[in-house]
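K.L.:
below are the sequence and a predicted model; questions follow.
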Amino acid sequence: MPHERFTFVLQSTRMVTPRVRQFNFRREDGAPFRWAAGQFVTLHMPFTDKELRRSYSIAASPEHSGDVELAITYVDGGRGTGLLFAMEPGARVQATGPFGKFQLREDSLQRDLLVATGTGIAPFRAMLPQLRKRLNGGGHEAVLLMGVRGPDELLYGEDMLQLARENPHFQFITSYSRRLSEPAVAHERKGYVQDHLMELNPDPARDIVYLCGNPGMIDDAVAKLKAVGFQTHNLRREKFVSSN
């Protein structure tokens, strides 16, 4: 059954890293747009003789009932991002959604391991209120590992650091793939995020792992996790594929 198509109106934009811009949208007809944390929307954009379709995870929690926030990386020569980055507030774009089942499981075990690269952090940002409730309930832990090229690309890093400051049961670790010097801050690492995942001693008896972002990272991490006993039921993944 096809999803309803509707029109988003761009409310505002802001650069959140040197390559990523946050877009805030609302439905033109004023109808509420409801989504679950972890879901995505698809934007439909006319381009010459065809329609471009680009899907983006929603970076805002559904609990805040405000704008639909999308974090979009500029792609050099990209047709989709070229159109989007040229938009000004008031511009309109067709959309469908929400889609996807990349959501926190209700029957969670003792620890959630959340792993992201780049804008793969967006669904985890939307999950922050849920994570706070779990952590405040006692007996639960969560670790979020984020892989980016360098500290200037730490998308929504302050939101994650704030939760780590608030709750001793939450840990935020960043891994920089293009940083050569040794990090001076406790939460920082260098190298690829999937390698630091294994330093946490993931245990299929107590952990559920959520992976979002670069397909290569996800495939590598899944192979490592399956080698220590993880099965499909405690692995969740959402691959971000670059489009031009």
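P.N.:
That came in fine, so what should we check first? All values derive from a computational prediction rather than experimental measurement.
K.L.:
and Lys224, helix, strand or coil?
P.N.:
helix (DSSP: H, G, I helix; E, B strand; the rest coil).
K.L.:
how long is stretch 73-90 end to end?
P.N.:
21 Å (CA to CA, to the nearest Å).
K.L.:
typo on my end, it should be stretch 117-136
P.N.:
Note: stretch 117-136 ends 26 Å apart using CA to CA.
K.L.:
so where do the helices sit in this structure?
P.N.:
79-85, 122-126, 128-136, 157-166, 193-197, 215-227 (DSSP state H).
K.L.:
let me know the pLDDT of the spatially closest residue to Ala31 that is not a sequence neighbour.
P.N.:
With sequence-adjacent residues excluded and distances taken as CB to CB, 6 or more residues apart in numbering, Ala31 is closest to Phe6, at 7.4 Å. The C-beta positions use only the backbone N, C-alpha and C, and glycine is treated the same way. Phe6 is assigned 95 on the pLDDT scale.
K.L.:
how many neighbours does Phe6 have?
P.N.:
15 (other CB atoms under 10 Å).
K.L.:
check the one 3 residues further on too.
P.N.:
A total of 15 residues lie near Val9 under the criterion other CB under 10 Å.
K.L.:
enumerate every residue touching it.
P.N.:
Phe25, Arg26, Arg27, Glu28, Gly90, Ala91, Arg92 (CB atoms under 8 Å, 6 or more residues apart in numbering).
K.L.:
skipping adjacent residues, who's closest to the fourth one in space?
P.N.:
Ranked by CB to CB, 6+ apart and with sequence neighbours excluded, the top spatial neighbour of Glu28 is Thr7, at 4.1 Å.
K.L.:
give me the number of residues near the one you found?
P.N.:
Neighbours around Thr7, by other CB under 10 Å: 14.
K.L.:
if we can go back for a sec, can you redo the helices of the chain as JSON lines with distance to Gly150, mean neighbour count and mean pLDDT?
P.N.:
Supplementary listing: the helices of the chain in JSON lines, determined by distance: least, CB to CB, whole Å; neighbours: other CB atoms under 10 Å; pLDDT from 0 to 100:
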{"stretch": "helix 79-85", "distance to Gly150": "21", "mean neighbour count": "18", "mean pLDDT": "93"}
{"stretch": "helix 122-126", "distance to Gly150": "19", "mean neighbour count": "25", "mean pLDDT": "97"}
{"stretch": "helix 128-136", "distance to Gly150": "24", "mean neighbour count": "17", "mean pLDDT": "93"}
{"stretch": "helix 157-166", "distance to Gly150": "12", "mean neighbour count": "15", "mean pLDDT": "94"}
{"stretch": "helix 193-197", "distance to Gly150": "13", "mean neighbour count": "21", "mean pLDDT": "90"}
{"stretch": "helix 215-227", "distance to Gly150": "16", "mean neighbour count": "17", "mean pLDDT": "96"}
